[in-house]
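S.K.: sequence below, structure please.
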Amino acid sequence: MQDACSVRILRFALFAITILVSVPAFAQVDFSGEWATRHHEDSEERGQGGELGDYTGIPLNDAARLRADSWDAALYGLSEWQCRPHAAYSMWRSVHPARIWKDLEPVTGEIIAIHVNFQDLIERVIYMDGRPHPPDDAAHTWAGFSTGKWEGNMLTVTTTHLKEYIIRRDGVPISDQSTMIEHWVRHGDYLTIAHRDRPCLSHGAVHSNNRFRARRPHPGHAPALRGRRGNRASGGLGAAPIAGHDDGR
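M.R.: The predicted structure follows:
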């Protein structure tokens, strides 16, 4: 009789553990959906850009200031730049909507990866399964290599292996040795992304951007448009901006 009771208790304990493991953590927030831009936020940066030489609020070191002062936006007119997308550094502040979805482990229901696609120009994969970042000499891409972890109801994303790029239209550079840290927080139909980075700056700089949940999919995310934009930026190619114009045309 005692053995039978022990077996029942053990079965119940195993069942309870299975249920607890299969249910995602309470703190995990669902970011899935289409997130549109708020164009009034930093509208000058999304348009023609600020005044040349005005680096107010950006802690540039001497090398970065020299690079920014030497910047020539006519580079975007070069043939070899016509398939150059914006890097992950700047996509949250771009005019492109962000489409987010997740990959689930089929048995436990845990999130193993989160995808964020910016109108098929660049697609990022944020690995949630605890895998390490690649070695320093691994390939650098426009999307970089990202891993995420939950901190309460906030998702913290660490991105390395990004290509060198600019973080403002006036040529403020960011190094390919930079590590970008993002914090994703959802407030109902609003999504706030705060990110910080350091190389080329005298100390870390923090930027924040807000998105709102779109009620209808953006036409740029229609499958029929996917074929004419070339390869996705995570592989190296995407749509190119035209010098003097925003690439959200």
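S.K.: how about the strands in the protein?
M.R.: Ranges of strands in the chain, per DSSP state E, are 33-37, 98-104, 111-118, 122-127, 145-151, 154-160, 165-166, 173-174, 180-187, 190-197, 205-213.
S.K.: any idea which of those strands is most buried?
M.R.: strand 173-174 (a mean of 24; mean count of other Cβ atoms under 10 Å). C-beta: built from backbone N, CA, C; applies to glycine.
S.K.: partners of that strand, with directions?
M.R.: strand 165-166 (antiparallel) (DSSP bridges).
S.K.: show the average pLDDT along the strand it pairs with.
M.R.: What strand 165-166 shows for mean pLDDT is 85.
S.K.: give me the residues contacting that strand.
M.R.: Strand 165-166 has contacts (Cβ atoms under 8 Å, 6 or more residues apart in numbering) with 71, 86-87, 89-90, 142, 172-174.
S.K.: what about 10 Å?
M.R.: 67-68, 71, 73, 75, 84-90, 142, 172-176, 178, 200 (Cβ atoms under 10 Å, 6 or more residues apart in numbering).
S.K.: where along this protein do the helices fall?
M.R.: Secondary structure of the chain (DSSP state H): helices at 2-22, 43-46, 62-69, 88-91, 223-226.
S.K.: pick out the shakiest of those, pLDDT-wise.
M.R.: helix 223-226 (a mean of 38).
S.K.: so which of the strands of the chain comes closest to Pro134?
M.R.: strand 145-151 (5.9 Å; Cβ to Cβ).
S.K.: filter the contacts of strand 165-166 to the buried ones?
M.R.: 67-68, 71, 84-90, 142, 172-175, 178, 200 (16 or more other Cβ atoms under 10 Å).
S.K.: coming back round to it: Gly57 is nearest to which of the strands of the chain?
M.R.: When the strands of the chain are compared by Cβ to Cβ, strand 205-213 sits nearest Gly57, at 8.0 Å.
S.K.: quick check: phi and psi at the nearest residue in space to Asp176 that is not next to it in sequence.
M.R.: In this structure, Asp176 finds its nearest non-sequential neighbour in Glu164, 4.4 Å apart by Cβ to Cβ, 6 or more residues apart in numbering. Dihedral pair for Glu164: phi -60, psi 140, per degrees, to the nearest 10.
S.K.: Throw the strands of the chain into CSV and include distance to Pro135, thanks.
M.R.: Formatted as CSV, those follow (distance: least, Cβ to Cβ, whole Å):
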stretch, distance to Pro135
strand 33-37, 33
strand 98-104, 24
strand 111-118, 21
strand 122-127, 16
strand 145-151, 11
strand 154-160, 10
strand 165-166, 21
strand 173-174, 21
strand 180-187, 18
strand 190-197, 20
strand 205-213, 27
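S.K.: before we move on, the earlier item: any idea how far Arg67 is from the residue nearest to Asp176?
M.R.: 10 Å (Cβ to Cβ, to the nearest Å).
S.K.: go on, Gly152?
M.R.: 38 Å.
S.K.: same thing with Ala139?
M.R.: Applying Cβ to Cβ to Ala139 and Arg67 gives a distance of 23 Å.
S.K.: buried residues of stretch 68-84, list them for me.
M.R.: Result for stretch 68-84 [16+ other Cβ under 10 Å]: buried residues 68, 71, 76, 84.
S.K.: first-to-last residue distance for that stretch?
M.R.: Terminal residues of stretch 68-84 are spaced 19 Å apart (Cα to Cα, to the nearest Å).
S.K.: thank you kindly, that will do.
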